[in-house]
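Participant: what would the 3D arrangement of this be:
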Amino acid sequence: MRIEETIEKMSIWSRARNLIKGSTQKDQLAKLMQEVGELSDNICKGKCTKDDIGDIGVVINNLALQAGYTLAECFEHSYNDIKNRKGVMLNGIFIKEGDS
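Facilitator: Numbers count the residues shown, from 1 in each chain. Predicted structure coming up:
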């Protein structure tokens, strides 16, 4: 299945459960933090994180929809912001040029 189809199915699922209009961005942010906590726990325990990453994607998509964006628009905006960025990896962290 193509990513666009999956995102559309996620959007339909969220709308059908009233997660877009029936919750706030603060509600979805709290859910995102919960899902990130589960991801952290599973990374630390060396467990599979596929479900955690997917759940985070669902919540991120909800946040985008609530703001009136598509996930693709958000990704494109971010990519355009970083595509020419230069920098170095330092202790596992990317330090962009000019921030060091």
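Participant: drop to CA atoms for contacts and neighbour counts, all remaining ones
Facilitator: Fine.
Participant: what's in contact with the helix or strand in which Ile43 is found?
Facilitator: The secondary structure element spanning Ile43 is helix 25-44 (assigned by DSSP states H and E). Here helix 25-44 makes contact (Cα atoms under 8 Å, 6 or more residues apart in numbering) with Cys48, Thr49, Asp52, Ile53, Asp55, Ile56, Val59, Ile60, Asn62, Leu63, Gln66.
Participant: which strands and helices sit next to whichever helix or strand comes after that helix?
Facilitator: Going down the chain from helix 25-44, the next helix or strand is helix 50-66, by DSSP H and E. Helix 50-66 is packed against helix 3-16, helix 25-44, helix 71-82, with contacts defined by 3 or more Cα pairs under 8 Å, 6 or more residues apart in numbering; DSSP states H and E.
Participant: cutoff 6 Å now
Facilitator: Here helix 50-66 touches helix 25-44, going by 3 or more Cα pairs under 6 Å, 6 or more residues apart in numbering; DSSP states H and E.
Participant: so for stretch 74-89, mean pLDDT?
Facilitator: The predicted model assigns stretch 74-89 a mean pLDDT of 94.
Participant: name the residues of it that are buried.
Facilitator: Of the residues in stretch 74-89, none are scored as buried under the neighbour-count criterion (16 or more other Cα atoms under 10 Å).
Participant: model confidence over the helix holding Ile43, on average?
Facilitator: Here the mean pLDDT over helix 25-44 is 98, rounded to a whole number.
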